[in-house]
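*Asks:* dropping a prediction and its sequence here:
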Amino acid sequence: MVKKILAVLLLLGLGGYALWQGVLPKNAEDNLSEYEDANIKEEESQEVAEYGLETGKKAPVFKLRVLGGEEVSLSDYQGKKVILNFWATWCPPCKAEMPEMQKFYNQYSDDVEILAVNLTSSEQTVDAVNQFLQERGFTFPVLLDEKEEVSSKQYKILTIPTTYFIDESGTITKRINGPMNYEQMEAFAKE
């Protein structure tokens, strides 16, 4: 019993000391600058908090080259729904969902854009990606993530396929890990 009381008193003492060290300024100027820094950091974090990978957050904006040459930005599609899909030619689940994506694209491309981001650094060559698409008749836009800056760094993709449904305002409405099907894409188009 005495050990418990001593342990509680020790914790209270350490907690009080830590609080005292963190709250009391060394002088008035240090105190003012700490508060100013805290306010600046809080304002910055509120701006950044708007963007993220969770549902309800703005999708991180990026620029990538489309297979065929031109560079596009996610912000180019502001005002239109976007299905942002991360994939590779060597991925069996990716191959399984792509015919569904093409079927959807044929019917809904006026209302919803598909942006299929290829993890190009994991591919043999860009020509191999192009050949894969041509042989299978896939015509939706394919973006080349040649340095994994978008897939790994911005979107933290760990498994493929991974897909984000992004609304007209650029907000993420849903994330799908694994292959998606036509019905999921169609439900998003009709939201």
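*Replies:* Arrived safely, thanks for sending. Worth saying up front: this structure is predicted, and the values here are computed from it rather than measured.

*Asks:* ok, the residue nearest the centre of the chain to residue 80 distance?
*Replies:* The C-alpha lying nearest the average C-alpha coordinate of the chain belongs to residue 155 (Cα atoms, centre = their mean; 3.3 Å). Per Cβ to Cβ, to the nearest Å, residue 155 is found 19 Å from residue 80. In this view, the C-beta of every residue, glycine as well, is placed from N, C-alpha and C.

*Asks:* same thing with residue 156?
*Replies:* As judged by Cβ to Cβ, residue 156 and residue 80 stand 24 Å apart.

*Asks:* give me the more crowded residue out of these two.
*Replies:* Per other Cβ atoms under 10 Å, whichever of residue 156 and residue 80 has more neighbours is residue 80, with 13 against 10.

*Asks:* tell me the contacts of the more buried one?
*Replies:* Contacts of residue 80 were listed using Cβ atoms under 8 Å, 6 or more residues apart in numbering, and they are 111, 112, 113, 168.

*Asks:* can you turn the buried subset of the residues you listed into a selection I can paste into PyMOL?
*Replies:* Here is the PyMOL selection string for the buried members of the contacts of residue 80, based on 16 or more other Cβ atoms under 10 Å:
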select buried, resi 112+113
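
*Asks:* closest one of the contacts of residue 80 to residue 178?
*Replies:* Among these, residue 112 lies closest to residue 178 (Cβ to Cβ), at 19.8 Å.
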